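[1] structure for this input, please:
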Amino acid sequence: MTHVLVVEDDRQTAAEITAALNDHGFAVDHAATGREGLLKAAAETYDAIVLDRMLPNGIDGLGVLSTLRAAGMDAPVLILSALSAVDERVRGLRAGGDDYLTKPFDFLELTARLDVLLRRQSAPQPRETMLRAGKLEMDLLTHTVRHAGRLIELLPREFLLLEFLMRHVDQVVTRTMLFEEVWNYRSVEPTNVIDMHISKLRRKLDSEGSETMIHTVRGAGYRLHAPE
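    Take a look at the predicted model:
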């Protein structure tokens with residue numbers, strides 16, 4: 001079972017995060033201070049750590065993170081923070097964080113981001129040149145996509161969008177994740193640009209009478225399911 005440490009001083013937030021992660025099938029330990037988090041991280045082996053940026057009693061989230069990395073701990077760390085400025089995100093990532101989620105957040109996004117981090121950690125592999133999901137094939141060298149042998153013409157952004165979905169097939173990916181990974185935007189005003197691209201991509205992928213492959217997960221994002 002995946003073992004996660006949550007370092008969060010607000011007990012209600014910590015309880016809600018713990019409940020969401022338990023529902024997702026994770027075992028969770030909680031620490032309310034940076035010092036307690038360091039002690040638990042030293043005593044146990046965790047698959048991932050959810051770390052609040054602002055912690056009381058002398059050791060903040062970045063201090064915890066720097067100490068853990070200096071000690072050789074390489075488990076992925078997801079930083080939670082009410083500080084949304086780009087320079088704060090950069091500080092967190094440069095200190096050794098693997099991802100950064102701004103408060104308030106949706107718990108579906110929290111679990112989705114942890115799934116992605118854990119997948120990267122557990123299966124580090126060279127980037128493939130061919131991606132497959134059911135009858136869908138993407139050749140990264142020739143930049144071609146085929147579905148059941150049918151060639152599909154995609155624009156560059158559509159290709160990148162589909163590549164990200166195929167790398168996370170059957171996982172929920174949020175709009176924020178798509179903006180950050182496909183559009184390379186870290187701070188985005190509300191917009192329907194992703195919905196528009198998803199709609200166009202659906203029309204190109206779904207042949208007449210076939211099952212829709214890109215599903216909207218209400219309140220969360222999208223999921224690619226490509227049946228055999």
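[2] using CSV, write out every CA atom in the helix or strand in which Met138 is found.
    Using DSSP states H and E, Met138 maps to strand 136-139. Taking Å, rounded to 0.1, in the frame of the first residue of the first chain, the C-alpha atoms of strand 136-139 are listed here in CSV:
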residue,chain,number,x,y,z
LEU,A,136,-4.6,4.4,-30.5
GLU,A,137,-0.9,4.8,-31.5
MET,A,138,1.4,7.8,-31.4
ASP,A,139,4.8,7.9,-33.1
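[3] past the helix or strand containing Leu165, which element shows up next along the chain?
    According to DSSP H and E, Leu165 maps onto helix 156-167. Using DSSP H and E, the helix or strand that follows helix 156-167 in sequence is strand 172-174.
[4] what is the longest helix of this protein by residue count?
    If you go by DSSP state H, the chain has its longest helix at helix 107-122.
[5] in PDB, list the C-alpha atoms belonging to that one.
    What follows is helix 107-122, C-alpha atoms only, in PDB (Å, rounded to 0.1, in the frame of the first residue of the first chain):
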ATOM      1  CA  PHE A 107      -9.000  17.000  -3.500                       C
ATOM      2  CA  LEU A 108      -9.400  15.200  -6.800                       C
ATOM      3  CA  GLU A 109      -6.500  17.400  -8.100                       C
ATOM      4  CA  LEU A 110      -4.400  16.500  -5.100                       C
ATOM      5  CA  THR A 111      -4.800  12.800  -5.600                       C
ATOM      6  CA  ALA A 112      -4.300  13.100  -9.400                       C
ATOM      7  CA  ARG A 113      -1.000  15.000  -8.900                       C
ATOM      8  CA  LEU A 114       0.200  12.400  -6.400                       C
ATOM      9  CA  ASP A 115      -0.600   9.600  -8.800                       C
ATOM     10  CA  VAL A 116       1.500  11.300 -11.400                       C
ATOM     11  CA  LEU A 117       4.400  11.900  -9.000                       C
ATOM     12  CA  LEU A 118       4.300   8.300  -7.800                       C
ATOM     13  CA  ARG A 119       4.100   6.900 -11.300                       C
ATOM     14  CA  ARG A 120       7.200   8.900 -12.300                       C
ATOM     15  CA  GLN A 121       9.000   7.700  -9.100                       C
ATOM     16  CA  SER A 122       8.200   4.000  -9.400                       C
END
